[in-house]
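Engineer: Have a look; sequence and predicted model below, questions after that.
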Amino acid sequence: AARKAEEAQLAAKEEARKAEEEAKAAEEAASAAKTAEEEAAKKQEEERIATEEEAKKAEEAKSAEEASAAAKAAEEEAARKAEEERIAAEEAKRHEEQAKAVEEQAAAKAAEEEAARKAEEAQLAAKEEARKAEEEAKAAEEAASAAKTAEEEAAKKQEEERIATEEEAKKAEEAKSAEEASAAAKAAEEEAAQKAEEERIAAEEEAKKAEEEAKAAE
């Protein structure tokens, strides 16, 4: 009985081990089945996406074919219109050339008459310009003479003022002390120099103006 009990216990353990192995194998099979199911679902999704892409490409190809056909029709229509416009342009050009020939004949006659009138006007204008130039040259010559006279007058006045300044300085020196006379003489000399410079600039301006007028007249 003890032996049988031990054998029964060993058999029970063996059964438990087998049951455990079978449970483990069943768990692994379930896991593998789940993985296979996930892989199948993933592949199915990929195939669905690929099918949609193929359908989209087929639709795009169809649209491209329709667009190509429309473009070809538009190109043919444009070519037809271009040909019609070319023919119309040639016809318009022919009419334009005919009208231009008539206009050129009339314009040539009018131009001849206008040229004769302008030649006469130019001759009269040339005479007037010559008269004006002669008057301007004369005026410039008079201005140059006046400027020269003004320059000579300025120089003369400058010399007179210098002499007067020297006289004043001399008188101041005699009337006052040496320091006061020196200061008065210096002030008078500076004043005279300033006046002389102003008159010299004015004379140069007059001379420059006269020279410009003479140059313009020439």
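Structural biologist: Happy to help now that I have it.
Engineer: so how many other residues sit close to A154?
Structural biologist: 19 (other Cβ atoms under 10 Å). Just so you know, the C-beta spots here come from the backbone N, C-alpha and C atoms, and that holds for glycine as well.
Engineer: and what of the one 4 residues further on?
Structural biologist: If you count neighbours by other Cβ under 10 Å, Q158 ends up with 18.
Engineer: And the pLDDT for it?
Structural biologist: Listed pLDDT for Q158 reads 90.
Engineer: and what of A78?
Structural biologist: For A78, the pLDDT comes out at 90.
Engineer: where does the chain dip in pLDDT?
Structural biologist: Where the chain drops to pLDDT under 70, the residues are 172, 175-178, 181.
Engineer: And the next helix or strand past the lengthiest helix in it?
Structural biologist: In the chain, taking DSSP state H as the definition, the longest helix is helix 2-175. Downstream of helix 2-175, the next assigned helix or strand under DSSP states H and E is helix 178-217.
Engineer: Would you pull up how far that next one lies from the middle of the chain?
Structural biologist: 52 Å (Cα atoms, centre = their mean, to the nearest Å).
Engineer: now swap in stretch 205-218 and tell me
Structural biologist: So, by Cα atoms, centre = their mean, the centroid of stretch 205-218 is 43 Å from its chain's centroid.
Engineer: Repeat that for stretch 82-96.
Structural biologist: That offset, for stretch 82-96, works out to 39 Å (Cα atoms, centre = their mean).
Engineer: same check, this time on stretch 7-23
Structural biologist: In this view, stretch 7-23 has its centroid 98 Å away from the chain centroid, taken as Cα atoms, centre = their mean.
Engineer: residues near A192, how many?
Structural biologist: Neighbours of A192 under the rule other Cβ under 10 Å: 19.
Engineer: What residues does it make contact with?
Structural biologist: Counting by Cβ atoms under 8 Å, 6 or more residues apart in numbering, A192 makes contact with 161-162, 164-165.
Engineer: can you tell me which residues contact the residue lying closest to E211 once chain neighbours are set aside?
Structural biologist: Leaving aside its sequence neighbours, E211 sits nearest to A144 (Cβ to Cβ, 6 or more residues apart in numbering; 7.1 Å). Applying Cβ under 8 Å, 6+ apart, we find A144 in contact with 207, 210-211, 213-214.
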